[in-house]
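In: Got a predicted model here, sequence first, then my questions.
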Amino acid sequence: MALVENIESNETLVSEALPGDYFALLKPRVMSLVVFTAFVGMVLAPAHIHPMTALIAILAIAVGGGASGALNMWYDADIDAVMTRTAKRPIPTGKVTRGEALAFGLTLSVFSVLTLGTLTNWVAGGLLAFTIFFYAVVYTMWLKRSTPQNIVIGGAAGAFPPMIGWAAVTGSVSVESVILFLIIFLWTPPHFWALALFKLRDYDMANVPMLPNVAGERHTKLQILLYSAVLVTVAAAPWPLGFAGPAYGVTAIVLGANFLRHAVAVWRMEDGDATMVPAKKMFGFSLVYLAALFSVMLAEALVSMALAG
């Protein structure tokens, strides 16, 4: 209750936020994934972009991703205050006011979109604008509090960065960039539902209709298994489609088999298991899985570029 009261009083008080508090609003861990996957999309794109332009474009995409995080924290401050995972964020702790977070997020949103669109092309700029809107409005303001499919549809926002990176170089969207989008899009539900299984009480307290709270553990575990099966199939596609090599193909198959192994372990987990060890292990492995896929894809592309000249 104290945290909620802190947020309500936060509406009128001016904070004494430090730069680190504003940086925290950007969700730096999420932003690092945005930057990395966008960079992979740029490197894989079959065109050339000046290194300085590429650097500024990546920074614009990073700022746009951070702006989404700030807008999310502004709107979700009441939820963040009652969840243990988010209670120490800048707004619940009173370090930043909601008004400051809103102004910060809107300013960065406009700056990032204008920078990317002007510097590269308006396909990339438009995709970045749509991504910010989708995460801040469609997911945060609508889906998150209204449907247990929130993370399925809302996951599209986190899947756009490699497509934006690709578009920044080519000025277009292609089958390859759609596959990169789908890998992250399909990865998001099993990743977050595994988290939701062992953070069930948090979501209950915040009245967020995550799938385990609404449909139950058994249905959630089945959905994790089904999405995992589709994910590992799509994740192997870059190799036969020709925009990733055999090292990636082998990595995708080996990691995919392990991803499915974790999904099966979650499926077999007893309902109401207090430890939730399989779900925690799957959540942790899912982070390694996505990072490894894109790392190998990037390494292959860089080696090919080096050998070509």
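Out: Yep, it's here. Residues are numbered from 1 along each chain as shown.
In: I'd assumed residue 150 was in contact with residue 189.
Out: No. Using C-beta atoms under 8 Å, residue 189 is not in contact with residue 150; the gap is 10.1 Å. Any C-beta I mention is one placed from the backbone N, CA and C, and that applies to glycine too.
In: Can you pick out the residue with more neighbours from the two?
Out: A count of neighbours by other C-beta atoms under 10 Å puts residue 189 above the other of residue 189 and residue 150, at 25 against 21.
In: Residue 91 versus the more buried one, what's the distance?
Out: To residue 91, residue 189 is 27 Å away according to C-beta to C-beta, to the nearest Å.
In: And residue 250, by the same measure?
Out: From residue 250 over to residue 91 (counting by C-beta to C-beta), the distance is 45 Å.
In: Please identify which of these two sits among more neighbours.
Out: Between residue 250 and residue 91, residue 91 has the larger neighbour count (other C-beta under 10 Å), namely 29 against 13.
In: per-residue pLDDT, the more buried one?
Out: Confidence at residue 91, expressed as pLDDT, is 95.
In: Could you do residue 274 as well?
Out: At residue 274, the model reports a pLDDT of 78.
In: which SS state does it fall under?
Out: coil (DSSP: H, G, I helix; E, B strand; the rest coil).
In: Next, it: phi, psi?
Out: Here is the backbone geometry of residue 274 (degrees, to the nearest 10): phi -70, psi -30.
In: Ok, the one 3 residues further on next?
Out: Here is the backbone geometry of residue 277 (degrees, to the nearest 10): phi -60, psi -50.
In: contacting residues for the closest residue to it other than its chain neighbours?
Out: Leaving aside its sequence neighbours, residue 277 sits nearest to residue 269 (C-beta to C-beta, 6 or more residues apart in numbering; 7.9 Å). When contacts are counted by C-beta atoms under 8 Å, 6 or more residues apart in numbering, residue 269 touches 221, 276-279.
In: do the same with residue 141
Out: Neighbour list for residue 141: residue 75 [criterion: C-beta under 8 Å, 6+ apart].
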